[in-house]
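Participant: Below are the sequence and a predicted model; questions follow.
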Amino acid sequence: ILNVEQSPQSLHVQEGDSTNFTCSFPSSNFYALHWYRWETAKSPEALFVMTLNGDEKKKGRISATLNTKEGYSYLYIKGSQPEDSATYLCASPGNQFYFGTGTSLTVIP
Amino acid sequence: KAGVTQTPRYLIKTRGQQVTLSCSPISGHRSVSWYQQTPGQGLQFLFEYFSETQRNKGNFPGRFSGRQFSNSRSEMNVSTLELGDSALYLCASSLAGRQGAGANVLTFGAGSRLTVL
């Protein structure tokens, strides 16, 4: 069993603020780290798949970094907008996908 | 291209009954995995099917079972329903050409919300 943890559990930010949250995972037997965004009443959607130590991925205002040696990944959102409100999940695949409990982000207009 | 389709979207059952949920993956995806989500819990892995074979199973009782058909469509069944089985059940499909391959991105369905009374 892989213990994937996310923090904080929830976050409220003002529109325009930048924010970040953390996913930690066991650094041994690392395959990859996935980030998914799950908006209310929708399906989780893949944001990033990261495989190499030092990886940095970007999609618009959202970016993510990966440190496989210390077992963490950061997700950053620059200039948060109300449409960024969602739960952000990270997952580490082994024989199965192990998901964290997510960070619920609310962006206040 | 069509996404992952789950049916039914909502259902209400009573304790002791059984339920079958269906998942049609994206065309060409051979892996289908199932997850349970309850309030305060992350997505809990139920099982994964690839080419009609169960490859992995999570830590759920035997009341939870599944299968996959030759067209990759999958069903999961829960027998003798308990109140604690009330949850959102998500399925996800992927190419999964190699078991545990990290690059296989999951595409999720909208989920089936089960309420057990």
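Facilitator: Yep, it's here.
Participant: Chain A contacts on chain B?
Facilitator: Neighbours of chain A within chain B, by CB under 8 Å from any CB of the partner chain: B:3-4, B:33, B:35, B:40-43, B:45, B:48, B:55-56, B:58, B:90, B:99-111. Glycine gets a C-beta too; all of them are placed from N, C-alpha and C.
Participant: which among these end up buried?
Facilitator: Buried residues within those, counting neighbours by 16 or more other CB atoms under 10 Å in any protein chain shown: B:4, B:33, B:35, B:42-43, B:45, B:48, B:55-56, B:58, B:90, B:100, B:102, B:104-111.
Participant: Take the residues of chain B next to chain A and keep only those in strands.
Facilitator: Counting by DSSP state E, the residues of chain B next to chain A place B:33, B:35, B:45, B:48, B:55-56, B:90, B:107-108 in strands.
Participant: List the contacts of B:Tyr35.
Facilitator: For B:Tyr35, the contact set (CB atoms under 8 Å, 6 or more residues apart in numbering or on different chains) comprises A:99, B:43-46, B:89-92.
Participant: give me the low-pLDDT residue ranges for chain A?
Facilitator: Applying pLDDT under 70 to chain A picks out residues A:1.
Participant: burial measure for A:Gly60, as a count.
Facilitator: Counted by other CB atoms under 10 Å in any protein chain shown, the residues lying close to A:Gly60 total 9.
Participant: A:Asp84 versus that one, what's the distance?
Facilitator: 10 Å (CB to CB, to the nearest Å).
Participant: For chain A, what lies in contact range of chain B?
Facilitator: A:4, A:31-32, A:34, A:36, A:42-46, A:49, A:51, A:89, A:91, A:93-102.
Participant: Which among the residues you listed count as buried?
Facilitator: A:4, A:31-32, A:34, A:36, A:43-44, A:46, A:49, A:89, A:91, A:93-94, A:96-102.
Participant: which ones are touching the residue lying closest to A:Arg61 once chain neighbours are set aside?
Facilitator: Distances taken as CB to CB, 6 or more residues apart in numbering or on different chains place A:Lys78 nearest to A:Arg61, at 4.6 Å, with adjacent residues excluded. Counting by CB under 8 Å, 6+ apart, A:Lys78 touches A:18, A:61-63.
Participant: All the strands of chain A, residue numbers only.
Facilitator: Using DSSP E, strands in chain A cover A:5-7, A:10-14, A:19-24, A:33-38, A:45-50, A:56-59, A:62-67, A:72-77, A:86-93, A:97-99, A:103-108.
Participant: In its sheet, which strands sit next to the fourth one, and in what direction?
Facilitator: So the one you mean is strand A:33-38. strand A:45-50 (antiparallel), strand A:86-93 (antiparallel) (DSSP bridges).
Participant: Which single residue in chain A comes nearest to chain B?
Facilitator: A:Ala32 (2.6 Å; CB to the nearest CB).
Participant: now chain B, which segments are flagged as low pLDDT?
Facilitator: B:1, B:97-103.
Participant: Verify the stated contact: B:Gly114 with B:Gln18.
Facilitator: Quick fix: residue B:114 reads Leu, not Gly. No: assessed by CB atoms under 8 Å, B:Leu114 is found out of contact with B:Gln18, at 11.3 Å.
Participant: start to end distance for stretch A:50-63?
Facilitator: 11 Å (CA to CA, to the nearest Å).
Participant: May I see the buried residues of that stretch?
Facilitator: A:50, A:55, A:57, A:62-63.
Participant: Now for the residues you listed: which two are most distant?
Facilitator: Every pair in the buried residues of stretch A:50-63 was compared (CB to CB); the two farthest apart turn out to be A:Asp55 and A:Ile62, at 14.3 Å.
Participant: Much appreciated, bye for now.
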